[in-house]
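1. take this sequence and fold it.
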Amino acid sequence: MDPIANMLITLKNGGEVAKTSVSFPYSKMKSAVLDLLQKEGYVKSIQKKGKKNRFLEVELAYVGKTPRIHNVERVSKFSRRIYSGAKNLKPHRDGFGVTVLTTPKGIVTDKEAKKLNVGGEVLFKIW
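-> Numbering: from 1, shown residues only. As a prediction, this is how the structure comes out:
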């Protein structure tokens, strides 16, 4: 199973059924991705809970009653890794969506990757 894909689908489905928060098992990768999504406004807050069995509790963001996350598309998978250079990155959904990459500079959006002039593995697209 792909833990990043499971997290993204849980976020999307939680928003569709109007949940206030969802939770996931903790990992550094999930925490870094959620920090980026919080910075971009797709989630409200992130809390690390538990001592022995740690997990992340995420409060979902809404615009009125509409969830901020409309859809997600996992690009790189275990079976097929997709890489992109900084020059090949295009705006997703005419700038209304975000493409998330993992680069040598950390997990960044497509705009930040272009600004830093660095490419990497394309994780997912969210809008």
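
2. how much space between the most far-flung residue of the chain relative to its centre and G106?
-> Taking CA atoms, centre = their mean, the residue of the chain most remote from its mean C-alpha position is K52, at 25.3 Å. Distance, K52 to G106, using CB to CB, to the nearest Å: 28 Å. No exception for glycine: its C-beta is placed from N, CA and C like everyone else's.

3. outline the domain layout of the chain.
-> Using automatic domain parsing, the domains assigned to the chain come out as 3-67, 72-126.

4. now the first one: average pLDDT?
-> Model confidence over domain 3-67, given as mean pLDDT, is 95.

5. okay, and I107 sits in which element?
-> Following DSSP states H and E, the helix or strand that holds I107 is strand 106-109.

6. tell me which residues are up against that strand.
-> Applying CB atoms under 8 Å, 6 or more residues apart in numbering, the contact partners of strand 106-109 are 32-33, 36, 40, 98-101, 116, 118, 120, 123.

7. repeat that with 6 Å
-> Here strand 106-109 makes contact (CB atoms under 6 Å, 6 or more residues apart in numbering) with 32-33, 36, 98, 101.

8. now the strands for this structure?
-> Counting by DSSP state E, residue ranges of the strands within the chain are 21-25, 43-49, 55-60, 62-63, 66-67, 72-74, 83-84, 98-103, 106-109, 120-126.
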